[in-house]
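K.L.:
please find the sequence and the predicted model below.
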Amino acid sequence: MFEPSQSLVNPGFVDPLERRDSGVLKWNRYPDGVIPAWVAEHDLGPPPAVVTRLHELVDMRAFGYHTSADDVGPAFSHWTTQRHGWTPDPELILPTANVLQGIWACVEALTGPGDGIVYSPPVYPPFLDVAPTTNRRAVHWPMMRTKEGWRYNLDALGELLEADPGIGLLLLCHPHNPTGCVLTAKELERIVELAHVHDLTIVSDEIHSDLVYEGSTHIPMLTVPGAPSHTVTVTSGVKTFALGGMLCAVAVCGDERLHSAIRSIPVELLGVPNRMGCEASITAWETGSGWADNLLDLLSRNRRTLFDRIRAELPQVGMFLPESTFVAWLDLSEFKTGDHPARWLRHMTGIAGGNGPNFGPGGEKHVRITFGTSAELLDEITDRIITGLKGQEETA
Ligand SMILES: Cc1ncc(COP(=O)(O)O)c(C=O)c1O
């Protein structure tokens, strides 16, 4: 049923024209001369087996109502056993359309109006929308910049929870987008301890968890002792396998109580995943381990290249080597970027990055650059940033 070859398709080459013609958002927001590095989506496409499976479904005209969602939980559990040593019970896994839907469902099911939702800016921008769109209260727990890189500040979380008993839910970005910070076992244990003391629900967004580099390890929140009674993990294969348009994700509930709370949302409101998304995710999770290893090798080389070149050739740009994700968080505060650093960078270099201020407090003067592309395109992205900003520095 599946293609034997699971290697990346032509990893050294990404054809911009083909990407534009395929209609993907990343390649169609800006004009031809601009290289897009703004969405957290890699350009390497899905594993060949996924494409084969989707072809089969098209050939069978398998577009009716379906039962594929039933197989999503077991496939996910197989994947996390293989990749993270974590075997969640498929009975506690709810398929959702995407990760954000899972987050919003948790907030609706597990908190009430006026409850505090705590999260760590600068962070993936939709996190900032959670409280205002659900009549909850946003509580900021800022990321901490240290000499070594960005970290979660556990003491500050303890103080926040002590001072505000109305905080009901922690929305954890694990690993953290945009800084790439990976939480350690000790940090996770402290969060769980705090969750017990303050009766806090943890929603752990682990969408970037497959993309963790040598030197760090992803520890699934639900493997931390004491976590299951307080945790729902939301994740998908979207980042690893470039399936953002396919719509299939999972909400993994730590126990029956959390599961039935989310199940109490009528399915008509909660929604369901798409057939193609289910099949793509199942195929990727069942067969994509070797492919994901190859992807990680390529991304790891890219991250090193970008980091080393920025350090050596443009040290005025602040960058830490990300522990995970395929995004780099660039500090441009040495430059006169104005209040829209991504637009400024685009004008200076022809590279479209993510605009730091959209990631909330702490994002000012920053741009997020996606390095999930071919080595060849990454060279061009890096060349353009270095050449464009060196000129700016001389004229500033
Ligand atoms: C931390 C995080 N969560 C969720 C998402 C989006 O996931 P989905 O498209 O499944 O809602 C992203 C995408 O960039 C992300 O970085």
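P.N.:
That came through, no problem.
K.L.:
so who does the residue nearest to Pro47 when sequence neighbours are not counted touch?
P.N.:
Once flanking residues are discounted, Pro47 sits nearest to Trp291: 4.2 Å by CB to CB, 6 or more residues apart in numbering. Any C-beta I mention is one placed from the backbone N, CA and C, and that applies to glycine too. Applying CB atoms under 8 Å, 6 or more residues apart in numbering, one finds that Trp291 lies in contact with Gln6, Ser7, Leu8, Pro47, Pro48, Ala49, Ala284.
K.L.:
need those residues in JSON lines (columns: neighbour count and secondary structure).
P.N.:
Formatted as JSON lines, the contacts of Trp291 follow (neighbours: other CB atoms under 10 Å; DSSP: H, G, I helix; E, B strand; the rest coil):
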{"residue": "Gln6", "neighbour count": "17", "secondary structure": "coil"}
{"residue": "Ser7", "neighbour count": "12", "secondary structure": "coil"}
{"residue": "Leu8", "neighbour count": "18", "secondary structure": "coil"}
{"residue": "Pro47", "neighbour count": "30", "secondary structure": "coil"}
{"residue": "Pro48", "neighbour count": "19", "secondary structure": "helix"}
{"residue": "Ala49", "neighbour count": "21", "secondary structure": "helix"}
{"residue": "Ala284", "neighbour count": "27", "secondary structure": "helix"}
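K.L.:
how close does Val72 get to the ligand?
P.N.:
Here the distance between Val72 and the ligand works out to 13 Å (CB to the nearest ligand atom, to the nearest Å).
K.L.:
what's the first helix or strand after the helix or strand hosting that residue?
P.N.:
Under DSSP states H and E, the secondary-structure element containing Val72 is helix 69-84. The element immediately downstream of helix 69-84 (helix or strand, assigned by DSSP H and E) is strand 93-96.
K.L.:
hmm, that next one in reach of the ligand?
P.N.:
No - among the residues of strand 93-96, none lie within reach of the ligand under CB under 6 Å from any ligand atom; the closest is 8.4 Å away.
K.L.:
count the neighbours of the closest residue to Glu206 other than its chain neighbours for me.
P.N.:
With CB to CB, 6+ apart as the measure, Thr235 is the residue that lies nearest to Glu206, at 4.2 Å, once sequence neighbours are left out. Other residues near Thr235 come to 24 when the count uses other CB atoms under 10 Å.
K.L.:
Trp38 contacts Asn358, correct?
P.N.:
No - judged on CB atoms under 8 Å, Trp38 makes no contact with Asn358 at a distance of 10.1 Å.
K.L.:
and the two? which has more neighbours close in?
P.N.:
Here Trp38 and Asn358 are compared on neighbour count by other CB under 10 Å; more neighbours surround Trp38, at 23 against 16.
K.L.:
tell me the SS of the more buried one?
P.N.:
Per DSSP: H, G, I helix; E, B strand; the rest coil, the secondary structure class of Trp38 is coil.
K.L.:
could you check how far it is from the ligand?
P.N.:
Counting by CB to the nearest ligand atom, the gap from Trp38 to the ligand is 11 Å.
K.L.:
that residue and Thr370, how far apart?
P.N.:
Taken as CB to CB, to the nearest Å, the spacing of Trp38 relative to Thr370 amounts to 7 Å.
K.L.:
cool, and Thr96?
P.N.:
Spatial separation of Thr96 from Thr370 under the definition CB to CB is 24 Å.
K.L.:
report the buried residues of the lengthiest strand in the chain.
P.N.:
Counting by DSSP state E, the longest strand found in the chain is strand 167-173. Along strand 167-173, these residues count as buried under the neighbour rule (16 or more other CB atoms under 10 Å): Ile167, Gly168, Leu169, Leu170, Leu171, Leu172, Cys173.
K.L.:
list the contacts for the fourth one?
P.N.:
Applying CB under 8 Å, 6+ apart, one finds that Leu170 lies in contact with Val118, Tyr119, Leu157, Ile191, Ala195, Leu200, Thr201, Ile202, Val203.
K.L.:
how about low-confidence regions in the chain?
P.N.:
Under the criterion pLDDT under 70, the flagged ranges of the chain are 1-6, 12, 393-396.
K.L.:
and the helices in it?
P.N.:
Remark: helices of the chain, listed N- to C-terminal, are 16-21, 48-59, 69-84, 99-110, 127-134, 154-163, 185-198, 238-241, 256-263, 267-270, 275-287, 289-313, 341-349, 375-395; assignment by DSSP state H.
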